[in-house]
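**Q** Return a 3D structure for these sequence lines:
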Amino acid sequence: MLIACFRPYRVCALRPGLAAALLLAAALTGACGIAGAPDEGAGGAPVTGTPARAADLADPRAPDVDGTARDAPHVYTASILPAEQVTVIAEVAGQVIEVSVQVGDRADAGDILLRLDSTALEAQRAQALAALQAAQAELELLRVVADDADIEAARAAVAAADAAYKSALAGPAATEIAGVEARLRQAEAAFKVAQTAYNQVAWNPAIATLPESRRLERARLGLDAAQTAYDQLVKVSAPDAITAAYAELAEARARLRRLEEGAEPVEIQAAEAQVRQAETALYLAQLQLGKATLRAPIPGIVAQVNIAAGAMAAPNAPVASLISPEVKIVIPLDEAKLALVHSGQAAEIEVSAYPGETFPGVVTTVAPSADPTTHTVPVTIRPTGDDARLIPGMLATVRLVTE
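**A** Residues are numbered from 1 along each chain as shown. So this is what the prediction gives:
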């Protein structure tokens, strides 16, 4: 039997005769450790190593790279975060007419958070709807096969438009001009008489109730009507009247041709394209109108309300914030310990708000890549119990027990 005395970088093998003395010296000085060694007859080689520690003797499991046992807990400190957080943004401008939630309220997905004034958006939608209806009616007219009554009516319209065009070319007759001019002179004379009578009683404080006031008003209206009739007949530009009459004639002829020959394929295609364009415009108007009502995108708790009723909301301005009831903790795991942590691993969570109490958790996600600067891997832990006492913003201590 050999007794080995371990010193840094030295190992000596002693014969049995000196064993007792050296054992006594080792016990007194504490400079040596006693370890069993194989018999010389077994051909054992001398043993080398570092000084034994008390922890090594008490726990023979191999230490980790940082000196802790492989199943010892790894402790991390990090803030508790909401599992999901969404900022609600106003997509259209408008005055806030209603705020339906307060901070701390719970909201389901789709619940109304606030409403904006949608008067202008509703008018735009009505305009887009009217444009769509007009485009659809035009398309239907092109597709309808005209009967004899429609064609006869269209021919009559062409004849009337042609007569109006010829009349515009000829201009007003001399007798017409004389007639409207005479009516204008009569109206001017009547107005002067009424004005003279009114001036004679204008001093009276009750002038508005006197018959002279009413006669003057009637005379003024008659003069305005006579002047308008004269202007339309005499002062209207002849080229303008001819142009307008010709446009009406051309439209009437085109309508008659369409009824007699039917619409061309290209006309139908153009009308169909106008219908599609009007449908898109209506969809966009409806979409903008829907944005005037802001709804919760996720089920959660209202964490912030950044606007009040009566205020103006600007596009892309945050108006509220929602957080999910569930929480998570993200810790930076040293890449050297990555092999010791996996998804589904148990964890223990402690917060200073509840001293001495431990909340169970589990590793849900181990990031697939490490931070090249810190050489750490984000690991997500979520509490497994339904405990609402763990709220975002708390500082938590997380213990991971590696396998």
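**Q** how far away is residue 373 from residue 332?
**A** As judged by Cβ to Cβ, to the nearest Å, residue 373 and residue 332 stand 11 Å apart. All C-beta atoms are positioned from the backbone trio N, CA, C, and that covers glycine.
**Q** average model confidence for the longest strand seen in the chain?
**A** Looking across the chain with DSSP state E, the single longest strand is strand 73-82. In this model, strand 73-82 has a mean pLDDT of 88.
**Q** Identify the residues contacting it?
**A** Applying Cβ atoms under 8 Å, 6 or more residues apart in numbering, the external contacts of strand 73-82 come out as 68, 300, 303, 323-324, 326-333, 337, 340, 348, 351, 390-402.
**Q** Would you mind listing which of the residues you listed are buried?
**A** In these, burial by neighbour count holds for 300, 303, 323-324, 327-333, 337, 340, 348, 351, 390, 392, 394, 396, 398-400, 402, counting by 16 or more other Cβ atoms under 10 Å.
**Q** Mark which of the residues you listed are part of strands, please.
**A** Going by DSSP E, the strands hold 300, 303, 323, 327-333, 348, 351, 396, 398-400 from the buried ones among the contacts of strand 73-82.
**Q** out of those residues, who's nearest residue 85?
**A** Residue 85 has its nearest neighbour among those in residue 323, at 4.9 Å by Cβ to Cβ.
**Q** Need the per-residue pLDDT for that closest one.
**A** 94.
**Q** Next: residue 160.
**A** The model's pLDDT for residue 160 equals 91.
**Q** Look up phi and psi at the residue lying closest to residue 262 once chain neighbours are set aside.
**A** Using Cβ to Cβ, 6 or more residues apart in numbering and skipping the chain neighbours, the partner closest in space to residue 262 is residue 145 (7.1 Å). Backbone geometry at residue 145, expressed as degrees, to the nearest 10, gives phi -90, psi 120.
**Q** Count the neighbours of residue 145 for me.
**A** 8 (other Cβ atoms under 10 Å).
**Q** Stretch 276-295: which residues count as buried?
**A** For stretch 276-295, the neighbour count (16+ other Cβ under 10 Å) marks 278, 281, 282, 285, 288, 289, 292, 294 as buried.
**Q** ok, those vs residue 121, which is closest?
**A** Looking across the buried residues of stretch 276-295 and measuring by Cβ to Cβ, the closest to residue 121 is residue 289, at 4.4 Å.
**Q** Would you map the helices across the stretch 1-150 of the chain?
**A** 19-29, 54-58, 119-143, 148-170 (DSSP state H, counting those that start in this stretch).
**Q** confidence score at residue 125?
**A** The model's pLDDT for residue 125 equals 95.
**Q** how far away is it from residue 278?
**A** 12 Å.
**Q** ok, back up a step: how distant is the longest strand of the chain from the center of its chain?
**A** 32 Å (Cα atoms, centre = their mean, to the nearest Å).
**Q** just the angle between it and strand 327-334, please?
**A** Calculated by axes from the mean of the first three to the mean of the last three Cα atoms, to 10 degrees, strand 73-82 forms an angle of 140 degrees with strand 327-334.
**Q** got the angle between strand 73-82 and strand 395-401?
**A** Strand 73-82 runs at 140 degrees relative to strand 395-401, counting by the same axes, to 10 degrees.
**Q** Which positions in strand 73-82 come out as buried?
**A** 74, 76, 78, 80, 81, 82.
**Q** so how far is residue 139 from residue 268?
**A** 7 Å.
**Q** Between those two, point out the one with more neighbours.
**A** residue 139 (19 against 14).
**Q** lowest-confidence helix or strand of this protein?
**A** helix 54-58 (a mean of 34; mean pLDDT, DSSP states H and E).
**Q** residues touching residue 377, list them.
**A** 332, 333, 334, 335, 338, 366, 367, 369, 370, 371.
**Q** between the helix or strand hosting it and strand 395-401, how big is the angle?
**A** In this assignment (DSSP states H and E), residue 377 forms part of strand 376-383. Computed by the same axes, to 10 degrees, the angle separating strand 376-383 from strand 395-401 equals 100 degrees.
**Q** what's the closest non-adjacent residue to residue 194?
**A** Nearest to residue 194 is residue 219, by Cβ to Cβ, 6+ apart, at 3.9 Å.
**Q** now swap in residue 304 and tell me
**A** residue 321 (3.9 Å).
**Q** give the contact list for the one you found.
**A** Neighbouring residues of residue 321 by Cβ under 8 Å, 6+ apart: 85, 86, 87, 88, 302, 303, 304, 306.
**Q** quick check, nearest of these to residue 167?
**A** Once Cβ to Cβ is applied, the member of the contacts of residue 321 that ends up nearest residue 167 is residue 88, at 66.1 Å.
**Q** need the contact list for the closest one.
**A** 113, 294, 296, 297, 318, 319, 320, 321, 322.
**Q** now do 10 Å
**A** 113-114, 294-298, 302, 304-306, 318-322 (Cβ atoms under 10 Å, 6 or more residues apart in numbering).
**Q** hmm, which of these are the buried ones?
**A** Applying 16+ other Cβ under 10 Å to the contacts of residue 88 flags 113, 114, 294, 296, 302, 305, 319, 320, 321, 322 as buried.
**Q** Closest one of the residues you listed to residue 200?
**A** residue 114 (67.1 Å).
**Q** With adjacent residues omitted, what lies nearest to that closest one?
**A** residue 99 (4.7 Å).
**Q** thinking again about what came up before, is it true that the residue nearest to residue 262 touches residue 261?
**A** No: counting by Cβ atoms under 10 Å, residue 145 stays clear of residue 261, with 11.2 Å between them.
**Q** show me what contacts residue 116?
**A** 90-98, 291-294, 307, 312-313, 319.
**Q** Domain ranges for the chain, per the record?
**A** 3-52, 73-83+326-401, 86-116+292-323, 146-261 (automatic domain parsing).
**Q** nearest to residue 134, of those?
**A** domain 146-261 (16.3 Å).
**Q** End to end on the closest one, go ahead and measure it.
**A** Using Cα to Cα, to the nearest Å, the span of domain 146-261 from its first residue to its last is 9 Å.
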